[in-house]
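Participant: need the 3D shape of this:
(one chain, ligands or ions: 2)
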Amino acid sequence: MSNSKYILVTGGAGYIGSHTVVELVENGFSPVIVDDFRNSQESSIDGIERITGKSVTLRRIDVCDFASLEGVFSEFNFEGIIHFAAHKAVGESVEKPLAYYRNNLLGLINCLDLAVKYKVENFVFSSSCTIYGEPKNEKVVTEESEIQIANSPYGNTKQIGEEIINDLVASGANIKILNLRYFNPVGAHFSSQIGELPIGKPNNLLPAVAQTAIGKIDKITVHGNDYDTTDGTCVRDYIHVTDVANAHVKGIAWLQSQKNSLVENINIGTGQGTSVLEIIHTFEEVSGRKLNWEFGKRREGDVVEIYADVTKSKAILNWEAKKTVKDAVKDAWNWEKRISD
Ligand code: NAD
Ligand code: WQD
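Facilitator: Numbers count the residues shown, from 1 in each chain. Ligands and ions are numbered 1, 2, ... in the order given. This is a model prediction of the structure:
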């Protein structure tokens with residue numbers, strides 16, 4: 001094992017990446033961010049610096065540009081890589097499939113290629129619960145649950161990404177890889193210095209709720225009220241982004257402790273399901289504001305109910321979510337107020 005504390009964080013200026021960079025610094029690592037800010041803002045770097053009191057090491061590079069990325073590998077002796085950089089909007093991926101396949105797959109291939117070339121053995125890949133699709137006869141999914149045919153090009157990039165990783169490890173490459181399958185990351189850093197910065201009208205529930213509460217959106221539509229769930233609305237496993245970030249630190253530490261090449265898939269969720277209406281009511285309680293919402297049609301492609309079995313993350317990573325959905329809602333609201341000042 002090398003003594004380097006440098007961790008390459010691609011997409012480190014983004015939503016989950018920025019929170020992970022904070023957790024890495026707080027746990028004694030030296031993160032190096034590679035990001036070209038195609039879906040993030042410089043203000044996230046300032047936020048990280050305010051929280052940690054340390055200056056951020058940043059290289060403004062497109063991970064699809066192999067030569068520039070290789071320059072970063074020759075500059076730093078990395079102990080590990082956390083690969084977040086990707087496009088992530090499901091709807092947009094249907095309209096621009098090639099942009100999604102190019103960015104998400106080429107970026108991953110470049111990072112894996114350079115990891116092997118520069119003997120960086122510890123690698124974490126951002127996968128997603130989207131690969132489980134609509135689970136058959138179960139609401140809680142384990143890592144062994146069947147992977148369903150992807151219902152969007154975005155989801156397919158995560159499935160193919162995991163397959164590329166499996167093939168690389170099977171080829172005998174000297175690399176240890178964790179595919180972290182996040183459920184629904186929400187909330188913001190409790191300091192309100194970093195959080196989610198959606199560009200345009202948000203598709204995801206929490207930013208849409210927060211923007212309705214602050215008045216940027218007139219009314220939020222709840223997509224469907226006739227599902228076979230406790231209150232008729234869809235159920236998800238919403239997990240605080242700081243908990244997600246911490247799972248990466250635990251993940252890197254676990255990989256460091258392993259001797260042989262491996263690939264492990266691990267769910268990153270709370271193990272609890274929460275409905276859309278429960279989120280709205282929690283938001284109203286936390287913010288003290290009445291939300292303007294209405295029921296609308298079902299949203300095409302929505303999974304009805306899914307949450308994570310978290311046995312494996314506890315057993316292997318010694319990690320579990322510490323914050324509640326209410327904590328996440330509170331932090332999302334404080335963040336929205338701050339960026340709307
Ligand atoms: P994000 O868009 O906030 O962050 C991604 C970052 O990567 C951005 O800063 C963007 O500028 C950067 N980036 C994208 N392509 C790049 C490229 N070619 N070169 C350099 N930088 C590039 O997204 P996020 O929510 O933080 O998601 C991070 C990862 O987690 C993604 O891989 C995403 O697919 C995955 N994921 C996200 C969620 C979620 O709900 N947020 C759920 C499951 C998985
Ligand atoms: C949650 C629930 C909506 C907005 C997405 C990606 C998935 C993964 C996580 C990356 C659903 C409802 C939403 C609104 C609503 N990301 N909703 N009104 O769909 O679980 O997953 O993020 O890997 O791939 O698809 O999250 O936040 O979009 O929706 O009623 O205005 O909120 O219908 O039931 P989702 P979401």
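Participant: residue of the protein nearest ligand 1, please.
Facilitator: Gly14 (2.0 Å; Cβ to the nearest ligand atom). Using the backbone N, CA and C atoms, a C-beta is placed for each residue, glycine as well.
Participant: tally of neighbours for that residue?
Facilitator: 27 (other Cβ atoms under 10 Å).
Participant: OK, contacts around the nearest residue to it once chain neighbours are set aside?
Facilitator: Once flanking residues are discounted, Gly14 sits nearest to Ser40: 4.7 Å by Cβ to Cβ, 6 or more residues apart in numbering. Going by Cβ atoms under 8 Å, 6 or more residues apart in numbering, Ser40 touches Gly11, Ala13, Gly14, Tyr15, Gly17, Ser18, Leu197.
Participant: what is the burial count for the closest residue to the fourth one other than its chain neighbours?
Facilitator: Counting by Cβ to Cβ, 6+ apart, Glu196 is the residue found nearest to Tyr15 once chain neighbours are left out, at 4.7 Å. A count of nearby residues for Glu196, using other Cβ under 10 Å, gives 23.
Participant: what does the pLDDT read for Glu196?
Facilitator: Looking at Glu196, its pLDDT stands at 97.
Participant: so the residue of the chain closest to ligand 1 makes contact with Phe37?
Facilitator: No. At 9.1 Å, Gly14 does not count as touching Phe37 under the criterion of Cβ atoms under 8 Å.
Participant: on that earlier part again, what distance do you get for the residue nearest to Gly14 to Asn174?
Facilitator: 32 Å (Cβ to Cβ, to the nearest Å).
Participant: His223 too?
Facilitator: 46 Å.
Participant: the two: which has the busier surroundings?
Facilitator: His223 (17 against 12).
Participant: elements contacting the helix or strand of the chain with the lowest mean pLDDT?
Facilitator: Lowest on mean pLDDT, DSSP states H and E among the helices and strands of the chain sits helix 90-95, with a mean of 94. For helix 90-95, the elements it packs on are helix 153-170, judged by 3 or more Cβ pairs under 8 Å, 6 or more residues apart in numbering; DSSP states H and E.
Participant: check which residues of the helix it packs on are buried.
Facilitator: For helix 153-170, a neighbour-count test (16 or more other Cβ atoms under 10 Å) marks 153-162, 165, 168-169 as buried.
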